[in-house]
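Visitor: Show me how the following folds:
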Amino acid sequence: MWNKVRSWFSSGDSNSIINYDFLDQSKKTILIIDDDIPQHDKSSGSKRLFELIKIFKKMAFNVIFLPNNGRPDEPYYTQLKNLDVEVLLFNPGRKSMLRKLNKLLSAIDYAWISRPMLNRAFQPIVSKNKKVKIIFDTVDLHYIRMLRQAESEQNEKLKRKALKFKKLELQLAKNAKATVTVTDTEKKLLEKELIQNVFVVPNIHELSIPNHEIPFSERNGLVFIGGYKHEPNIDAVKWLINDIMPQVWNALGKIPVYLLGSYPNEEVLKLANIDVIVPGYIEDVSKYFLNAKIFIAPLRYGAGMKGKIGQSLEFGLPIVSTTIGAEGMNLIHEKNVLIADQSKDFANQIITIYQDEQLWTKIKKNAFQSIVNYTPTAVEKQLENLFQNLDSK
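Guide: Numbering: from 1, shown residues only. Just a heads-up that it's a prediction; the model follows:
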């Protein structure tokens, strides 16, 4: 499909006249490409991108968004339009979207392209305009996530696929003017591979301090959240319910576990019972975070910054996580998180903090402080540094 897209562009009508009235000529223009319009309440990657778009508008950019699926998914499409974002859609088909992009290339200063496969498809297209500065947003390093899963599952086939992805991601990073990771850990991994101009742009979070705090003694249960189209989340909840929670229930009794998140598949739905609640997508999950005693993140593989961890920190909800789950947020065991990587240790951490109000209060207090570097104001400063660096070259 990607070769067809490129060949169409090569023969496209790039000399056609287009009306640029929707662009403020006094501002620079950034093109953003992702799989679809960010459904910011369903995945951490979409939440991050939606917050970035708002920051770009605050930084006085013209913003053009191209969803690769070409759909005006609602209410998210209207939300972008309300931010004065130009959205390129299939109208009536894919060629119309690509034709409009082709005509807009001369007006674009930066192209922020998410994920490796979209960069493979669109880097050659956008670079037809030599002045466009391409930013490769890795979202997470796919090859790292795959290698960790392959190691966890002892899967040689997946390991070979991961190494192919590594070659692709490194080449895309070399082609781009800048490469973005969400954690300093991944930035250092790329720099070890001699990739230059790597910048950290993390997930973005606001503090959600409630008017009335529910005390330790009145809270009950554990909560997890994650989109179940993402394999690491499926593995996490299966490990939690099948291996970890029997040990916890044996010590504490049948406390409830809430497995929140969109698109639960059959594997996840089968975990549901009187003590394991799988409600599916919920627009406002705040009541779960405000009433639960602990957030659990038993991720055995994955990469990048985990939005679920940041979401828990927003509410100051104490977290029990694996090392991989807590990666990239500078969290410290027994200061602002509890970390364990084996099922017995993970269960023991839950059992301990569930009964220890003093420890729970300490972790909760420190959780708020740990998220200061991920507010919109902090991330805006990181973006200013990125664009200043690009403009100086």
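Visitor: Contacts only, for residue 264.
Guide: Counting by CB atoms under 8 Å, 6 or more residues apart in numbering, residue 264 touches 228, 278, 280. The way it works is simple: take the backbone N, C-alpha and C, and place the C-beta from them, glycine included.
Visitor: List only buried entries from those.
Guide: 228, 278 (16 or more other CB atoms under 10 Å).
Visitor: mind giving me the domain ranges of the chain?
Guide: Split into domains by automatic domain parsing, the chain comes to 9-14+26-203+375-391, 216-374.
Visitor: hey, what's the closest residue to residue 339 other than its chain neighbours bridged with?
Guide: Distance criterion CB to CB, 6 or more residues apart in numbering; nearest residue to residue 339, sequence neighbours excluded, is residue 333 at 4.5 Å. Beta bridges link residue 333 to residue 337, judged by DSSP bridges.
Visitor: just the strands in the stretch 251-393 of the chain please.
Guide: Counting by DSSP state E, counting those that start in this stretch, the stretch 251-393 of the chain has strands at residues 257-260, 276-280, 294-297, 319-321, 338-339.
Visitor: would you turn these into TSV with mean pLDDT?
Guide: Converted to TSV, the strands of the stretch 251-393 of the chain look like this (pLDDT from 0 to 100):
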stretch	mean pLDDT
strand 257-260	95
strand 276-280	93
strand 294-297	94
strand 319-321	94
strand 338-339	94
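Visitor: Can you check which of those strands gets nearest to residue 311?
Guide: strand 294-297 (8.3 Å; CB to CB).
Visitor: Let me see the backbone angles for the nearest residue to residue 369 once chain neighbours are set aside.
Guide: Closest residue to residue 369 apart from its sequence neighbours, by CB to CB, 6+ apart: residue 336 at 7.3 Å. Dihedral pair for residue 336: phi -130, psi 10, per degrees, to the nearest 10.
Visitor: what's residue 336 in contact with, if anything?
Guide: 313, 363, 366-367, 369-370 are the contacts of residue 336 under CB under 8 Å, 6+ apart.
Visitor: List the buried residues of the lengthiest helix in the chain.
Guide: Ordering each helix of the chain by length in residues (DSSP state H) puts helix 156-175 first. Applying a neighbour-count criterion of 16+ other CB under 10 Å, one finds 158, 161-162, 165-166, 168-170, 172-173 buried in helix 156-175.
Visitor: can you list the weak-confidence ranges in the stretch 201-350 of the chain?
Guide: Along the stretch 201-350 of the chain, the model assigns pLDDT under 70 to residues 207-212, 303-305.
Visitor: Run through the helices of it in chain order.
Guide: For the stretch 201-350 of the chain, the helices defined by DSSP state H, counting those that start in this stretch cover 231-239, 245-252, 266-269, 286-291, 307-314, 343-355.
Visitor: Of those helices, which stretch is the most buried?
Guide: Counting by mean count of other CB atoms under 10 Å, helix 307-314 has the highest mean neighbour count of the helices of the stretch 201-350 of the chain, with a mean of 24.
Visitor: So which other helices or strands are in contact with it?
Guide: Packing partners of helix 307-314 (3 or more CB pairs under 8 Å, 6 or more residues apart in numbering; DSSP states H and E): helix 44-58, strand 222-225, strand 294-297, strand 319-321, helix 357-369.
Visitor: got a list of contacts for the shortest one?
Guide: Strand 319-321 has contacts (CB under 8 Å, 6+ apart) with 294-299, 309, 312-313, 326, 331, 337-340, 346, 349-350, 353, 363, 367.
Visitor: hmm, 7 Å instead?
Guide: 294-297, 309, 312, 337-340, 346, 349-350, 353 (CB atoms under 7 Å, 6 or more residues apart in numbering).
Visitor: What is the nearest of those to residue 240?
Guide: For the contacts of strand 319-321, the nearest to residue 240 is residue 296 (6.4 Å; CB to CB).
Visitor: Next one: that closest one relative to residue 230, how far apart?
Guide: Distance of residue 296 to residue 230, given as CB to CB, to the nearest Å: 16 Å.
Visitor: neighbour count winner among those two?
Guide: residue 296 (28 against 18; other CB atoms under 10 Å).
Visitor: Tell me what that one is bridged to.
Guide: Taking DSSP bridges as the rule, residue 296 bridges to residue 320.
Visitor: shift numbering so it begins at 551
Guide: Got it, the first residue is 551 from now on, which makes the last one we talked about residue 846.
Visitor: thinking it is in contact with residue 772, fair?
Guide: Yes. Here residue 846 reaches residue 772: they are 5.2 Å apart, a contact under CB atoms under 7 Å.
Visitor: Please name the nearest non-neighbouring residue to residue 934.
Guide: Nearest non-adjacent residue to residue 934 (CB to CB, 6+ apart): residue 609, at 7.3 Å.
Visitor: count of residues packed around that neighbour?
Guide: 15.
Visitor: Model confidence score at it, please.
Guide: pLDDT recorded at residue 609 is 96.
Visitor: same deal with residue 687?
Guide: Reading off the model, residue 687 has pLDDT 97.
Visitor: from memory it sits against residue 729, does it?
Guide: No. Taking contacts as CB under 7 Å, residue 687 lies outside contact range of residue 729: 8.1 Å.
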